[in-house]
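Visitor: Kindly generate the corresponding structure for this input.
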Amino acid sequence: MRRLSAVVFDVDGTLVDSERDGHRVAFNAAFAEAGLPDRWDVETYGRLLAITGGAHRLAHWFENTGRTPAESWDLAQRLHRRKTALMRDMVSEGRIRPRPGALELIERLRAGGLRLHVATTGTRAWVAPLLAHTFGAVFDTIVTGTEVPQLKPHPAVYHEVLERTGLLPEQAVAVEDSANGVRAAVSAGLRCVAAQNSYTRTHDLSAAHLVADGLDDPELITWFDQYLRKTSRSAPRPG
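Guide: Residues are numbered from 1 along each chain as shown. The predicted structure is shown next:
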């Protein structure tokens with residue numbers, strides 16, 4: 001096994017609490033602005049998270065509420081643009097918060113000499129300002145759904161991170177929260193740690209090397225510490 005060199009983070013539901021009180025709120029605001037009766041409560045949105053990508057989620061919803069496929073996709077694209085702008089406003093207002101333990105874990109990994117990257121299906125228009133506002137300039141590579149059209153569970157976003165960084169899959173660990181995310185990371189050949197949340201506790205995360213209750217779970221911290229010790233021991237000594 002090669003020494004661990006990098007950690008690749010998902011964003012939504014992994015680094016930040018963005019789904020229930022972020023995206024869902026922005027989607028509902030976009031519905032209201034457009035004069036549509038559609039609203040997603042907490043439970044409904046949880047079910048819709050099985051569909052990766054906001055525009056695809058909207059199109060699925062519209063098709064299943066009586067609209068034609070063509071009409072659904074056109075409406076989904078228009079609403080998704082507005083929803084992204086609303087989400088960006090929420091980010092600038094500081095309304096999207098890091099998950100408990102996220103800042104501490106990032107600091108711990110950086111102190112251990114690991115490079116940090118991001119592989120997300122979120123839109124760069126809100127992902128980039130969110131990461132900068134919440135975490136600062138800690139991520140060396142950020143690949144989003146804007147650059148990679150194939151969404152998770154397709155492994156394309158992870159392949160893109162590996163290509164940009166020159167990493168081999170065995171040199172990196174992915175941190176995800178959902179079944180689709182775990183499948184994407186594992187399909188790309190990465191080890192994966194799942195930090196589940198209230199929406200993903202019922203997901204099949206069995207392909208992950210570890211399933212933790214969050215980023216502040218002591219088991220997750222211990223898991224990374226063992227790899228940080230291996231990395232430290234295998235690093236070349238000065239002189």
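
Visitor: Next, count neighbours for Glu163.
Guide: For Glu163, the neighbour count with other Cβ atoms under 10 Å is 11. Glycine gets a C-beta too; all of them are placed from N, C-alpha and C.

Visitor: Am I right that it is in a helix?
Guide: Yes: assignment of Glu163 by DSSP: H, G, I helix; E, B strand; the rest coil places it within a helix.

Visitor: what's it in contact with, if anything?
Guide: Remark: with contacts taken as Cβ atoms under 8 Å, 6 or more residues apart in numbering, Glu163 is in contact with nothing.

Visitor: now it: how far from Ala156?
Guide: 10 Å (Cβ to Cβ, to the nearest Å).

Visitor: Same check on Thr44?
Guide: Taking Cβ to Cβ, one finds Thr44 at 28 Å from Ala156.

Visitor: which of the two has more neighbours?
Guide: A direct count of neighbours by other Cβ under 10 Å for Thr44 and Ala156 places Ala156 higher, at 20 against 12.

Visitor: ok, and the closest non-adjacent residue to the more buried one?
Guide: Gln150 (3.9 Å; Cβ to Cβ, 6 or more residues apart in numbering).

Visitor: Glu219 now?
Guide: In space, Glu219 is closest to Ala212, 5.6 Å off (Cβ to Cβ, 6+ apart).

Visitor: One more: Leu4?
Guide: Nearest to Leu4 is Tyr227, by Cβ to Cβ, 6+ apart, at 4.6 Å.

Visitor: Check Ala55 too.
Guide: His80 (4.2 Å).

Visitor: Torsion angles phi and psi at the one you found?
Guide: Backbone torsions for His80, taken as degrees, to the nearest 10, come to phi -70, psi -40.

Visitor: Please look at it and Leu58 and confirm they touch.
Guide: Yes: the criterion here is Cβ atoms under 8 Å, and His80 meets it with Leu58 at 5.9 Å.
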